[in-house]
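> have a look at this fold, sequence not included:
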């Protein structure tokens, strides 16, 4: 059975007192499985044409329909494991087990096909070599953990043929033929060699990645595992060697945006979040540039998940929980607005929920990458060109589509859309293309909300949401304090308690880590 430390590309060194948190390990491990399944799902069906050739030309009596069944079953297995790895609800050890079973199943399917394509003489066994080499390329593994997997792959063919010999006199006769055994040995040596090469190569790649990530540093931070990507950079779980703690390190992605402006935006994000000290805003510990020119922001590492992931994996939230989270978002925005900072990219993905000792459903506002200051010195700080629309289209207020400037009420509009997503799982606007979204947002008519009509609170929430989503900024809720107070009047603390939140997080943790 694979362990986390044997498949992940990054670990803390032996001298460090802490290893990556389970959240970082889980994220990196899921990506390893997802990549192996995604690529396998493309490679496996690509040999179906070879099946057709073998059945119609080389072995006309071979059962093509059975071969198609083998291909379909294994293809569905690849897709199922891939989806499970993307959703992130299955324990990581089980994902690794399913990954190994899937690749072993491919080797078994090829061996079963070979029964009809010449038996022990079949050259079709070379497909098992491809399975071993693809698995080695996609899943770096320590040899002690990989040996069982490659043994199953390499032995699939002789095991199937031995079972066939036990039940079929014709197959048994092949094993007693010296000519057949010579052909078998000359072909099978490549299968064994490929499995051995896969085992060795997988270990070498695993070892190289271990050395690479142990040596990879940005300033005083040692990178441990990738945990996400933002619009301007990558986010890594990193170890602060000076303060000896885990941090989330956001690194400016080089080469994707214009240099000086990208750096200034990155600095502005650090400055904007760094000015805020409230408990509902992600804390910035440090920012700067490494000796090799990588710009970074070191922030507190937040376990848990963002609201987008929460809704995607668990469905729309109970109204009381959605209101509870929205009030915390209001608290974060109130501090930002008081400091003259407009977030401009408020959306579920930028609201992170984590577990605190005294508050199991604690929300943090993150990603100030396109935040705008409305302080007196804004003329020296504005990087957005006139008429350039920034932000996420589904959450942009109508005035921004016309090139207007963002203010507190544009954040309120985005929070209204976000609250609707929390309650329903969808935005209140139809349209997938940019032109459709633009038409939906700038239409001077009341949006059609999709609140559940069997929920008693919906009738009271609808007027408030419509006020947040008013086409004219003057008709909206004018401040997040006003919105917070309105939500507080609707909030029933007995409908979503700390005990409810604790139960949710325990169930979510059990589902992920087993």
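Structure received. Treat the numbers as computed from the prediction; the structure is a model and nothing was measured.

> for the rest of this, base every contact and every neighbour count on C-alpha atoms.
OK.

> and the nearest residue to residue 405 once chain neighbours are set aside, which of the three is it?
Counting by CA to CA, 6 or more residues apart in numbering, residue 399 is the residue found nearest to residue 405 once chain neighbours are left out, at 7.5 Å. Three-state assignment for residue 399 (DSSP: H, G, I helix; E, B strand; the rest coil): helix.

> what do you get for the one 4 residues further on?
Using three-state DSSP, the three-state assignment for residue 403 comes out as coil.

> start at 2 instead
Renumbered: residue one is now 2, and that last one reads residue 404.

> that one and residue 44, how far apart?
47 Å (CA to CA, to the nearest Å).

> residues contacting the closest residue to residue 459 other than its chain neighbours?
Nearest in space to residue 459, with sequence neighbours left out and distances taken as CA to CA, 6+ apart, is residue 452 at 6.1 Å. Contacts for residue 452 (CA atoms under 8 Å, 6 or more residues apart in numbering) come out as 421, 424-425, 459, 463.

> tell me which two in those residues are the farthest apart.
Spatial extent of the contacts of residue 452 (CA to CA) is set by the pair 425 and 463 at 12.3 Å.

> surely the residue nearest to residue 459 is in a helix?
No - under the criterion used here (three-state DSSP), residue 452 is coil, not part of a helix.

> report pLDDT for it.
For residue 452, the pLDDT comes out at 80.

> before we move on, the earlier item: which of the contacts of residue 452 count as buried?
421, 424-425, 459, 463 (16 or more other CA atoms under 10 Å).

> mind checking which of those residues land in helices?
Residues of the buried ones among the contacts of residue 452 located in helices (DSSP state H): 421, 424-425, 459, 463.

> pretty sure residue 166 sits against residue 172.
Yes - counting by CA atoms under 8 Å, residue 166 does reach residue 172; the two are 4.7 Å apart.

> can you pull the contacts of the closest residue in space to residue 466 that isn't next to it in sequence?
Leaving aside its sequence neighbours, residue 466 sits nearest to residue 417 (CA to CA, 6+ apart; 5.8 Å). Counting by CA under 8 Å, 6+ apart, residue 417 makes contact with 466, 469-470.

> turn these into CSV, columns for secondary structure, pLDDT and neighbour count.
Formatted as CSV, the contacts of residue 417 follow (DSSP: H, G, I helix; E, B strand; the rest coil; pLDDT from 0 to 100; neighbours: other CA atoms under 10 Å):
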residue, secondary structure, pLDDT, neighbour count
466, helix, 87, 22
469, helix, 88, 29
470, coil, 85, 27
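
> wait, which of those residues is closest to residue 360?
Residue 360 has its nearest neighbour among those in residue 466, at 26.1 Å by CA to CA.

> what helix or strand is the spatially most central residue of the chain on?
The structure's the chain has its C-alpha centroid closest to residue 87; by CA atoms, centre = their mean the separation is 6.0 Å. Assigned by DSSP states H and E, residue 87 belongs to helix 65-88.

> the helix or strand following that helix - contacts with which helices or strands?
Once the chain leaves helix 65-88, the next helix or strand it forms, by DSSP H and E, is helix 93-116. Secondary structure elements in contact with helix 93-116, counted by 3 or more CA pairs under 8 Å, 6 or more residues apart in numbering; DSSP states H and E, are helix 23-44, helix 65-88, helix 127-139, helix 144-168, helix 499-514.

> about what we covered before: so which of the contacts of residue 452 sits lowest on pLDDT?
For the contacts of residue 452, the pLDDT minimum is residue 459, 75.

> pLDDT below threshold where in the stretch 252-401 of the chain?
254-263, 292-294, 370-392 (pLDDT under 70).

> for it, just list every one of the strands.
Along the stretch 252-401 of the chain, the segments classed as strands by DSSP state E, counting those that start in this stretch run 285-290, 296-301, 306-307, 342-343, 352-355, 363-366, 373-374.

> if I look at the residue nearest to residue 406, how far off is residue 176?
Using CA to CA, residue 400 is found at 79 Å from residue 176.

> how about residue 76?
Applying CA to CA, the value for residue 76 to residue 176 is 32 Å.

> can you give the domain ranges for the chain?
5-216, 219-301, 306-514 (automatic domain parsing).

> run the chain-centre distance for the second one.
Meaning domain 219-301. 19 Å (CA atoms, centre = their mean, to the nearest Å).

> quick one: end-to-end length of that domain, please.
Termini of domain 219-301 sit 16 Å apart (CA to CA).

> distance to residue 63 added to the contacts of residue 417, as JSON lines?
Formatted as JSON lines, those follow (distance: CA to CA, whole Å):
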{"residue": "466", "distance to residue 63": "64"}
{"residue": "469", "distance to residue 63": "66"}
{"residue": "470", "distance to residue 63": "64"}
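
> circling back: now, among the ones in helices among the buried ones among the contacts of residue 452, which is nearest to residue 504?
residue 424 (19.9 Å).

> can you pull the contacts of that closest one?
Per CA under 8 Å, 6+ apart, neighbours of residue 424: 317-320, 323, 452.
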